[in-house]
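1. Fold the following for me, if possible:
(4 chains)
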2 protein chains.
Amino acid sequence: MYAPLLAHIARYVTLTTADADLLQTYLRQQTIARKDYLLTEGQVCTANYFVLRGCLRTYLVNEKGSEQTIQFGIENWWLTDYASLDLQTPSQFFIQAVETTEVVVFDKRVQEEVLSQLPQLERYFRILLQKSAAAALFRIKFLFSLSGEARYRHFNSAFPGFVQRVPQYMLASYLGFTPEFLSKIRAKVD
Amino acid sequence: MYAPLLAHIARYVTLTTADADLLQTYLRQQTIARKDYLLTEGQVCTANYFVLRGCLRTYLVNEKGSEQTIQFGIENWWLTDYASLDLQTPSQFFIQAVETTEVVVFDKRVQEEVLSQLPQLERYFRILLQKSAAAALFRIKFLFSLSGEARYRHFNSAFPGFVQRVPQYMLASYLGFTPEFLSKIRAKVD
DNA sequence: CGGTCTCTTGACGGAGTTCAAAGCTAGTGG
DNA sequence: CCACTAGCTTTGAACTCCGTCAAGAGACCG
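-> Numbers count the residues shown, from 1 in each chain, chains lettered A, B, ... in the order given. Okay, here's the model as predicted:
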């Protein structure tokens, strides 16, 4: 049942069967119902989550009281609050299931132990984090150099169909504008 | 002369003296004059750079022809274009010295070899990348939830004195607005 | 000292926000 | 299986923050 995760790992590094077996003894699986939380503001984050099926999002509530979606995680993505996980400090974010979601849980408690036993896994995470650092730069680039409408169109063609999967108010704040404005953009297309 | 780098590594992992000696045989040092480039748009990025002294910035030129600063790197920071470095594709960015800058160069050519020989270094980069993933989320949070003026004030108190170190037009685009607007913000303070 | 690069200042315009109200949709319980 | 409700989306009008353009003032380097 961890097959999708093992397949994902195999895309970047080579684990022996023994390694894979060892790894699985440290993992567990969890199902989260739509709108339930893996993390809420003020809690300390205890794990890194790999999405097997469904969709998660990270968001925060700003001083005006409205929700700001910071990132989404779909199938084959790892998602966590690295700041809280790493330093074991209270999180500023919520991690919520957008749909019913199945995740593999990689607990902080066993992380150090697993990574020292499996250098290939350390490498796997280093490579993934490098990719997400690259992605973060591109996101900032788009935020700065494209208009709201252009960001929506770009996102829509980069992730076709995803727009249908999440409520528009989540997508609007992810793209950096209001739900009302997104509604007006979409009205223009048809 | 790699002492600041070795000290930085020691903050996160333990290298034996032999490890440190081995590592140094793979590194080299380079000095970049103010306004010179470590990478230009269209080039393939060949190394990861650790700043010993000075200041680097990553920027892009948008379709209107103006420069957009994406990130700064000062003493004890690693800076590169991970997308270009990782996939060996042409970069969309420029990496330029804001001041005369000394860097340690960690070449892509030897990276795989060094990291497999020194698992502790693999771990070091994994930890750093985790921190920069956390920082990227915070940056996006600030971009979304604060006004231009509030972002400037926050940045100014988070990195006191840094504002004096770079031309205002670089800082303005880093914070996501125009030099003219930054000028007006500053006029209000005095 | 002269030229280029950077910063300032002001008038105007536009992309996107805010607020409010009405329309729609989907989940829930009877 | 229908009706009800809560949450989501749409629409419009007024407003605001910030960008654009242009012209001038400093400041730094050769």
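
2. ok, and does the helix ranked longest in chain A reach over to DNA strand D?
-> As assigned by DSSP state H, the longest helix anywhere in chain A is helix A:119-145. No: in terms of CB under 7 Å from any atom of the strand, no part of helix A:119-145 sits within range of DNA strand D; the closest distance is 9.0 Å. The way it works is simple: take the backbone N, C-alpha and C, and place the C-beta from them, glycine included.

3. Report the mean confidence score over that helix.
-> For helix A:119-145, the per-residue pLDDT values average out at 95.

4. Buried by neighbour count: which residues of that helix qualify?
-> Buried positions in helix A:119-145, judged by neighbour count with 16 or more other CB atoms under 10 Å in any protein chain shown: A:119-130, A:132-134, A:136-137, A:139-145.

5. These also near chain B: which ones?
-> Contacts with chain B are made by A:119, A:122-123, A:125-127, A:129-130, A:132-134, A:136-137, A:139-141, A:143-145 out of the buried residues of helix A:119-145, judged by CB under 8 Å from any CB of the partner chain.

6. before we move on, back to that, and the helix or strand that the longest helix of chain A is followed by, is it in reach of chain B?
-> Note on helix A:119-145: by DSSP states H and E, the next helix or strand toward the C-terminus is helix A:148-158. No: in this structure, helix A:148-158 remains apart from chain B according to CB under 8 Å from any CB; the gap is never smaller than 10.3 Å.

7. can you list contacts of helix A:148-158?
-> Helix A:148-158 has contacts (CB atoms under 8 Å, 6 or more residues apart in numbering or on different chains) with A:142-143, A:146, A:162-163, A:171, A:175-177, A:181-182, A:185, A:188.

8. Stretch A:61-78 now?
-> Residues outside stretch A:61-78 that contact it (CB under 8 Å, 6+ apart) are A:4, A:8, A:41, A:48-60, A:79, A:93-94, A:98, A:128, A:162, A:166, A:169-171, A:173-174, B:137, B:140-141, B:144-145.

9. Kindly report the same for stretch A:45-55.
-> A:1, A:4-5, A:8, A:29, A:32, A:38-39, A:56, A:72-81, A:84-85, A:91, A:95, A:97-109, A:111, A:165-166.

10. buried sites along the lowest-mean-pLDDT helix or strand in chain A?
-> With mean pLDDT, DSSP states H and E as the measure, the helix or strand of chain A carrying the lowest mean pLDDT is helix A:179-189 (a mean of 89). Neighbour-count burial for helix A:179-189, with 16+ other CB under 10 Å as criterion, is recorded at A:182, A:185.

11. between it and helix A:148-158, how big is the angle?
-> Following axes from the mean of the first three to the mean of the last three CA atoms, to 10 degrees, one obtains 70 degrees for the angle between helix A:179-189 and helix A:148-158.

12. Let me know whether the longest helix of chain A sits next to DNA strand C.
-> No: judged by CB under 7 Å from any atom of the strand, helix A:119-145 stays clear of DNA strand C, getting no closer than 10.2 Å.

13. tell me what that helix is packed against?
-> Contacts of helix A:119-145 with other secondary structure elements, assessed using 3 or more CB pairs under 8 Å, 6 or more residues apart in numbering or on different chains; DSSP states H and E, are made with helix A:17-26, helix A:108-117, helix A:148-158, strand B:55-61, strand B:67-74, helix B:82-87, helix B:119-145.

14. The fourth one and DNA strand C in contact?
-> No: for strand B:55-61, no contact with DNA strand C is found by CB under 7 Å from any atom of the strand; the gap never falls below 11.9 Å.

15. Near DNA strand C, which residues of chain A? Just list them.
-> By CB under 7 Å from any atom of the strand, the part of chain A that sits against DNA strand C consists of A:64, A:147-149, A:176-178, A:180-181, A:184.

16. So, low pLDDT: which residues of chain A?
-> In the prediction, chain A carries residues with pLDDT under 70 at positions A:189-190.

17. If we use 80, what do you get?
-> A:63, A:188-190 (pLDDT under 80).

18. quick one: residue A:102 is in a strand?
-> Yes: under the criterion used here (DSSP: H, G, I helix; E, B strand; the rest coil), residue A:102 sits inside a strand.
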